[in-house]
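Chemist: Need coordinates for the below:
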Amino acid sequence: MRPNAHRAVELLHDLIAFDTVSRNSNLKLIDYAADYLAGVGVECELIRDDSGAKANLFATIGGPAGVPGIVLSGHTDVVPVDGQDWSSDPFSLTERDGKLFGRGTCDMKGFIAICLAMAPVIARADLKRPIHFAFSYDEEVGCRGVAGMIEKIAGRSPLPRACIVGEPTSMRAVTAHKGIRAFETVITGRESHSSNTEFGVSAIMAGGRLIEFLRAILAEMKARGDDTGRFDPPYTSLNIGTIDGGSALNITPNRCRMVWEYRPLPQADEDEIISRFDAFSRDVEAEMRARFDGASIVTTQIARAPALLRQPNSPAEELVRALTGENDSLTAAYVTEAGLFQLADIPTVVCGPGSIDQAHRPDEFIELSQMDAGTDFIEKLVAALSA
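Modeler: Just a heads-up that it's a prediction; the model follows:
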């Protein structure tokens, strides 16, 4: 491994020890990164959420003022480990068989560790364009944190020339991915003794009708397919993640709650499914209210992130192609903040170390070879911007 990659592994050891599951604060990790960057003479801007418990970090390293730079974007939060069977402590970096195990190793603290390890090299280089670090919170729950940071970036002049989101792609360019719309639907009915079904209004029965409606839409999306043939699965997918309600076998349930999502293909009408669902919900709600005035169905959007569209002649894609030496462009079914950067007129590509196949699983890992490859990528970026 190259020396900078060794340093990245050392930093990854520290980053993994911060329990930054999205339900928790990320401030200890952010403060750690800010202190580290201050040590190499880099000033950081922290952009906090309304509660003050979470923050984005934005830093500019090198390059002349007034020249469009390159953004390296990554998220600091990780998914939970609850209920997962790990072979080692998920918040302690463990090396086995050329792999580094721990929650967030590939998704995506490995990339952040590489960026930090390369910060002294970047600071010493004679860059013709600046490099920006953009480390965000709450990406895993719908890219909630990065929006405020992008708004600040977009309000400054000049706009960055390109953004590279370091999600795990095995260091290959992903130039398009699906979006996400996520919702919570709460159904309110009327309790009764289960023997008196005429008096009660079952929230779970109503929920079952909504689920069946979504199942039919999913079948329709599969039948429509994907005209480009580039995505897997090749259609707008839909999932009901959780459902709960009721209190006892002999009580007609007065409440049912379900959390669900769909992932629209790029260029699909991302409002279609929720519009159709809302219309069907109103019909079901009207039938419930005919028996109980207090019945209701309320759907609230809890996450939204746009798809990433491939842009011909994108400076981000051209840059990543030059650095990786590959001409292929891939697609992804998962969602990143790339679509949000693109909406702000910042050309964006997803390219980072590790495999998405390891993300969110027990015994998540990143291969040492990928830490080396990611470091090589940033070293080449520094060289290209110094030429």
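Chemist: May I ask you to confirm that Thr242 is in contact with Glu261?
Modeler: No. Applying C-beta atoms under 8 Å as the test, Thr242 and Glu261 come out as separate, 10.8 Å apart. Just so you know, the C-beta spots here come from the backbone N, C-alpha and C atoms, and that holds for glycine as well.
Chemist: Neighbour count for these two, which is higher?
Modeler: Shown here are Thr242 and Glu261; by other C-beta atoms under 10 Å, Glu261 has more neighbours (19 against 9).
Chemist: Within the helices and strands, which one has that one?
Modeler: Element membership for Glu261 (DSSP states H and E) is strand 255-263.
Chemist: quick one: strands adjacent to that strand?
Modeler: Strand 255-263 sits in its sheet next to strand 180-188 (antiparallel), strand 237-245 (antiparallel), going by DSSP bridges.
Chemist: what pLDDT, on average, does it get?
Modeler: Strand 255-263 shows a mean pLDDT of 98.
Chemist: and that strand, which residues are buried?
Modeler: Arg255, Cys256, Arg257, Met258, Val259, Trp260, Glu261, Tyr262, Arg263 (16 or more other C-beta atoms under 10 Å).
Chemist: export the strands paired with strand 255-263 to a markdown table and tack on mean pLDDT?
Modeler: Formatted as a markdown table, the strands paired with strand 255-263 follow (pLDDT from 0 to 100):
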| stretch | mean pLDDT |
| --- | --- |
| strand 180-188 | 97 |
| strand 237-245 | 97 |
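Chemist: Domain-wise, how is this protein divided?
Modeler: 3-177+308-386, 180-305 (automatic domain parsing).
Chemist: Ile273 belongs to a helix?
Modeler: Yes. According to DSSP: H, G, I helix; E, B strand; the rest coil, Ile273 belongs to a helix.
Chemist: Measure how buried it is and give me the count.
Modeler: When neighbours are counted by other C-beta under 10 Å, Ile273 registers 23.
Chemist: and what of Gly166?
Modeler: Gly166 has 25 nearby residues by other C-beta under 10 Å.
Chemist: Wait, it touches Gly352, no?
Modeler: Yes. Gly166 is within contact range of Gly352, at 3.3 Å (criterion: C-beta under 8 Å).
Chemist: quick one, longest helix in the protein?
Modeler: helix 203-224 (DSSP state H).
Chemist: and that helix, what does it pack onto?
Modeler: strand 180-188, strand 237-245, strand 255-263, helix 272-289 (3 or more C-beta pairs under 8 Å, 6 or more residues apart in numbering; DSSP states H and E).
Chemist: now stretch 13-21, how far from the chain's geometric center?
Modeler: Here stretch 13-21 shows a centroid-to-chain-centroid distance of 18 Å under the convention C-alpha atoms, centre = their mean, to the nearest Å.
Chemist: before we move on, back to that, now the strands paired with strand 255-263 in JSON lines, with distance to Glu367?
Modeler: What follows is the strands paired with strand 255-263, written out as JSON lines (distance: least, C-beta to C-beta, whole Å):
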{"stretch": "strand 180-188", "distance to Glu367": "28"}
{"stretch": "strand 237-245", "distance to Glu367": "28"}
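Chemist: So which of the ones you listed is the most surrounded?
Modeler: Ranked by mean neighbour count, the strands paired with strand 255-263 are led by strand 180-188 with a mean of 21 (mean count of other C-beta atoms under 10 Å).
Chemist: Could I get the contacting residues of the closest residue in space to Met258 that isn't next to it in sequence?
Modeler: Nearest residue to Met258, sequence neighbours excluded (C-beta to C-beta, 6 or more residues apart in numbering): Ile243, at 4.3 Å. Counting by C-beta atoms under 8 Å, 6 or more residues apart in numbering, Ile243 makes contact with Gly207, Ile211, Cys256, Arg257, Met258, Val259.
Chemist: Return the residues in contact with the fourth one.
Modeler: With contact taken as C-beta under 8 Å, 6+ apart, Arg257 is in contact with Glu184, Thr185, Val186, Ile187, Thr242, Ile243, Asp244, Gly245.
Chemist: For these, work out which two are farthest apart.
Modeler: For the contacts of Arg257, the farthest-apart pair by C-beta to C-beta is Ile187 and Thr242; their separation is 13.8 Å.
Chemist: Spell out which residues are contacts of both of Gly166 and Gly352.
Modeler: With C-beta under 8 Å, 6+ apart as the test, Gly166 and Gly352 both reach Gly74, Met108, Phe111, Gly374.
Chemist: Let's have these in a markdown table, adding secondary structure, pLDDT and neighbour count.
Modeler: Shown next, in a markdown table, are the shared contacts of Gly166 and Gly352 (DSSP: H, G, I helix; E, B strand; the rest coil; pLDDT from 0 to 100; neighbours: other C-beta atoms under 10 Å):
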| residue | secondary structure | pLDDT | neighbour count |
| --- | --- | --- | --- |
| Gly74 | strand | 98 | 27 |
| Met108 | helix | 97 | 29 |
| Phe111 | helix | 98 | 32 |
| Gly374 | helix | 98 | 29 |
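Chemist: who's in contact with the longest helix of the chain?
Modeler: Applying C-beta under 8 Å, 6+ apart, the contact partners of helix 203-224 are 185, 187-189, 233, 235-238, 240, 243, 245-246, 253-256, 258, 260, 262, 273, 276-277, 280-281, 284, 288, 297.
Chemist: I'd like to know how many residues surround Asp19.
Modeler: Asp19 is flanked by 18 other residues according to other C-beta under 10 Å.
Chemist: Correction: the previous question concerned His75.
Modeler: Neighbours of His75 under the rule other C-beta under 10 Å: 30.
Chemist: And for Leu93?
Modeler: Using other C-beta under 10 Å, the number of residues around Leu93 comes to 25.
Chemist: burial measure for the residue nearest to Thr20 when sequence neighbours are not counted, as a count.
Modeler: For Thr20, ignoring the flanking residues on the chain, the nearest one in space by C-beta to C-beta, 6+ apart is Asn26 at 4.5 Å. Neighbours of Asn26 under the rule other C-beta under 10 Å: 28.
Chemist: Check whether Asn26 really touches Asp77, as I assumed.
Modeler: Yes. Between Asn26 and Asp77 there is a contact at 6.0 Å, judged by C-beta under 8 Å.
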